[in-house]
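Undergrad: Take a look and give me a structure for this.
(3 chains)
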Amino acid sequence: MSDALQSLPRFLPELILMGALAVVIVADLLTQRRPLKNSTDLLNGITLVGLLGALVTSWQALGAGEAQSLFASMLADDGLLGVFRPIFCLTSIVVLLLSMRSKELEGVRLGEMLALLLTVTAALMWMAGSVNLVMIYLSLETVSVASYLMVGYLSSDRLSNEASLKYILFGAVSTGAMLFGLSLLYGMTGTLDLYGVRAALAEGTFGPGLLFVLILVAAGIGFKIAAAPFHFWCPDVYTGAPTPVTAFLSVGPKAAGFAILIRFFYLGLAEPAGGGAIAPVGGADWQMLLMILAVITMTLGNVAALLQTNVKRLLAYSSIAHAGTMLMAACVLSVEGVQAIAAYLAIYLFMNLGAFAVVILAHRVTGSFEIGSYAGFWKRSPLLTVAMGIFLFSLMGIPPFAGFLAKWYVFAAVINAGLGWLAVIGVLNAAVAAFYYVKILRVMVIDEDAGPAPALAFSRLDLALLVLLVVPNILGLLFWGSLDRVTEYSQTLLELG
Amino acid sequence: MIPLEHYLYISAALFSLGVFGVLTRRNAVNVLMSIELIFNSANINLVAFSRFVEGALGGQVFALLVIVIAACEAAVALAIVMSLYRVMKNVNLDEAAELKG
Amino acid sequence: MESMASAAIFYGVAALVLGSALYVVVGKNLVHSAFALVAAFFGVAVFYVYLGADFLAGAQVLIYVGGILTLLLFGVMLTNRIYNLNLRSGAIQVVPGALSAGLVFALLVWIIQSVEWGAMDSGDPGPTSEAIGRLLMGDYLLPFEIASVLLLIALMGAAMLVRRRGKSGS
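TA: The predicted structure is shown next:
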């Protein structure tokens, strides 16, 4: 009990989110009975305050104090959790702003959506902190259940419902397989604690049996980060879900999935080998497993994206490809790989959510998600076209933009680890990716709109949102300092236990 | 006394049956039932290992939480099935194919 | 003699569980499948009793049989009553499905035999409710709280999905 009380100060961001959740639920119930004129604004405001509070406290907590295990070794409050917390908060804040501007969510009661957003943000933090098999599974399921509900939020819309049904069936099967794998791992090691798992695995060789367990666990994690071959749900769910939810799914759960992947493989299945490197234990070659996943995921994502005409589907496959790029960094087996993943996610957050922001704003005026409907955008709204250009160039990894930094971190880590062939496959994939990103831009700039093309008008909130997302992408180089801060703390990953 | 391996064989068989159901069934509720079989097989493992390997109650607590999670998932999944039913009046997966992978 | 009888009952229950699980995945009638699932869940509860997990056996019967199955049956019956839909569901791709499931089973059997489980029977732990209660309020306090948050949003969300229709029409 005293352990729980001592853990509370280090648990502040999550506590703020849970407090905001309680307030939102009560406020939603009260305004349902007696509607106010701006009850939606009220609920959005409460949620925003909660998320901002969590962001500020988690930024302050970053690097403050020693790494420490919380709640009887359920969570580790170390550099890795510290780095991921602000990423989750920023994602949810941008998604909240996007949902205010989304046409699909207009006229829909948003109380439950906001409650789900707050819960899922806290659950992502629990995922990133877990160092116990129970916590890994429980937090992953909490994120999943909340995501199913968010995807199916437009319950009178057929696509939203179908996407949600597909998502939950696929998700339940993947997490069920993962659970079975975790139960076998528990049997092999006799403990639920990740540090205990590592100690037990270090003593013996488990070989093929352990590899089978890892494949089952990879199914659960691969489902969260949308890695091939566990990605089948991804394009359909991204297309069917309300677009702000799609934007959220493409960043939040993916980031938390990587956090858990690092925890599980780098902490539970490897021991420190000096100089920030790690060495796998238990006699299962999981580095090869991850490399295979990385190559399949990158290639499949990029090739399939070439064929898409719906921009949400295209971004779905593009997010699969980005997961593949980050998986490359996970094959590095040193702290450098962890740093590269953290840096990549921090930048990916701004470029990918930026692209989704443009999609949502464009949908307000065109009512369509087809790439063809973007024809003539250069004339109708140069501002939106330039913003989209910046996001897409950043996603491509073209030098002046932040996306280049992200790719730089990953490729440097991969090459330093002596995995040159993997880096070559990664570069080839990046070249393929340029085709479909440029395709969108070509339609916006060159193609002529058939009908009359009035100039597009956007509200101040839209402009503020675009600026918020564009600035980190342009000034990527200036953020080098904070990125270093981010990556510096992810080093402390291996400190505990 | 029943040896540990026999529990594991039963759970392996249950898991495989669940996998078979997931692969072959086309009705959403039926797939859900198969998924419940998978959850139960994992739970048998957890409880058996809790007694035979760990010698403590960690696995039982895990299994208890899994039962809670399974209940949540079933509730949410059935709510989605009902909601979809009302929109399209059919829950066979083949016909829920406006979205083609 | 007593242990012989208890072993016989165990393997009888095992046959019942696997038999009903098989019916769940191949049966043609959804309602019959749901009732076969009841039998499977009860059998698993019996395994828990054999393993000395009395509290868990109770939870299994209460939550699975009392909760999840009732929910499944409600789902089946309500959707049937509303739209009078034929509840029979045809299975396809049986052969590849059976092959993959058989492969998984063979692999698992091989793993079970090849791994040294370090098994030692820790004996019947006696009544477990108190110990589990202490664990949930002690070491497993955080998972316990997270499970309650999960239940909260799952119930809220499920209610939202089913209820919303009345207002927005569609």
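Undergrad: going forward, measure contacts and count neighbours with C-alpha atoms only.
TA: Fine.
Undergrad: top helix in chain B by residue count?
TA: Looking across chain B with DSSP state H, the single longest helix is helix B:58-88.
Undergrad: for the stretch 251-400 of chain A, what are the low-confidence residue spans?
TA: Applying pLDDT under 70 to the stretch 251-400 of chain A flags no residue at all.
Undergrad: what about 90?
TA: A:267-285, A:333-339, A:342-343, A:346, A:364-368, A:371-384, A:397-400 (pLDDT under 90).
Undergrad: how deep is the residue in it that chain C sits nearest to tucked in, by neighbour count?
TA: Proximity of the stretch 251-400 of chain A to chain C (C-alpha to the nearest C-alpha) peaks at residue A:282, 12.0 Å away. Using other C-alpha atoms under 10 Å in any protein chain shown, residue A:282 is surrounded by 21 other residues.
Undergrad: same question, residue A:4
TA: Burial measure for residue A:4: 17 neighbouring residues, criterion other C-alpha under 10 Å.
Undergrad: Wasn't it part of a helix?
TA: Yes. Counting by DSSP: H, G, I helix; E, B strand; the rest coil, residue A:4 is located in a helix.
Undergrad: Look up how far chain B lies from it.
TA: Distance, residue A:4 to chain B, by C-alpha to the nearest C-alpha, to the nearest Å: 18 Å.
Undergrad: Residue C:71 now?
TA: 7 Å.
Undergrad: Residue A:371 now?
TA: Counting by C-alpha to the nearest C-alpha, the gap from residue A:371 to chain B is 18 Å.
Undergrad: Ok, residue C:78 next?
TA: 8 Å.
Undergrad: What lies in contact with stretch C:18-26?
TA: For stretch C:18-26, the external contacting residues (C-alpha atoms under 8 Å, 6 or more residues apart in numbering or on different chains) are B:10, B:13-14, B:17-18, B:20-21, B:25, B:30, B:33-34, B:37, C:32-34, C:36-37, C:39-40, C:91.
Undergrad: How about stretch A:360-374?
TA: Here stretch A:360-374 has contacts from A:98, A:101-103, A:243-244, A:309-312, A:359, A:440, A:443-444, A:456, A:462, using C-alpha under 8 Å, 6+ apart.
Undergrad: Please apply the same query to stretch B:52-66.
TA: A:134, A:138, A:187, A:190-192, B:4, B:39, B:43, B:46-47, B:49-51, C:53, C:56, C:59, C:117-122, C:131-132, C:135-136, C:144, C:147.
Undergrad: Quick one, which of those residues are buried?
TA: A:134, A:138, A:187, A:190-192, B:4, B:39, B:43, B:46-47, B:49-51, C:53, C:56, C:59, C:117, C:119, C:121, C:132, C:135-136, C:144, C:147 (16 or more other C-alpha atoms under 10 Å in any protein chain shown).
Undergrad: Please narrow these to those residing in strands.
TA: Judged by DSSP state E, these include no members of strands.
Undergrad: quick one on the thing from earlier: buried ones among the contacts of stretch A:360-374?
TA: A:98, A:101-103, A:243-244, A:309-312, A:359, A:440, A:443-444, A:462.
Undergrad: Restricted to helices, list those residues.
TA: A:98, A:101, A:243-244, A:311-312, A:359, A:440, A:443-444, A:462.
Undergrad: okay if I get the residues you listed as TSV plus distance to residue C:95?
TA: Shown next, in TSV, are these (distance: C-alpha to C-alpha, whole Å):
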residue	distance to residue C:95
A:98	47
A:101	49
A:243	39
A:244	41
A:311	38
A:312	36
A:359	44
A:440	43
A:443	47
A:444	49
A:462	54
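Undergrad: and which of these is nearest to residue A:107?
TA: Of all these, residue A:101 has the smallest distance to residue A:107: 11.6 Å, by C-alpha to C-alpha.
Undergrad: could you dump the ones in helices among the buried ones among the contacts of stretch A:360-374 to a markdown table with distance to chain C?
TA: Converted to a markdown table, those look like this (distance: C-alpha to the nearest C-alpha, whole Å):
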| residue | distance to chain C |
| --- | --- |
| A:98 | 21 |
| A:101 | 20 |
| A:243 | 18 |
| A:244 | 18 |
| A:311 | 26 |
| A:312 | 24 |
| A:359 | 25 |
| A:440 | 34 |
| A:443 | 35 |
| A:444 | 34 |
| A:462 | 28 |
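Undergrad: how about the helices in chain C?
TA: Using DSSP H, helices in chain C cover C:2-26, C:30-50, C:54-59, C:69-83, C:94-114, C:129-137, C:141-163, C:165-168.
Undergrad: check contacts around residue A:119.
TA: A:17-18, A:21, A:146, C:149, C:153.
Undergrad: Could you confirm it falls within a helix?
TA: Yes. The assignment for residue A:119, made by three-state DSSP, places it in a helix.
Undergrad: Would you mind measuring from it to residue A:190?
TA: 32 Å (C-alpha to C-alpha, to the nearest Å).
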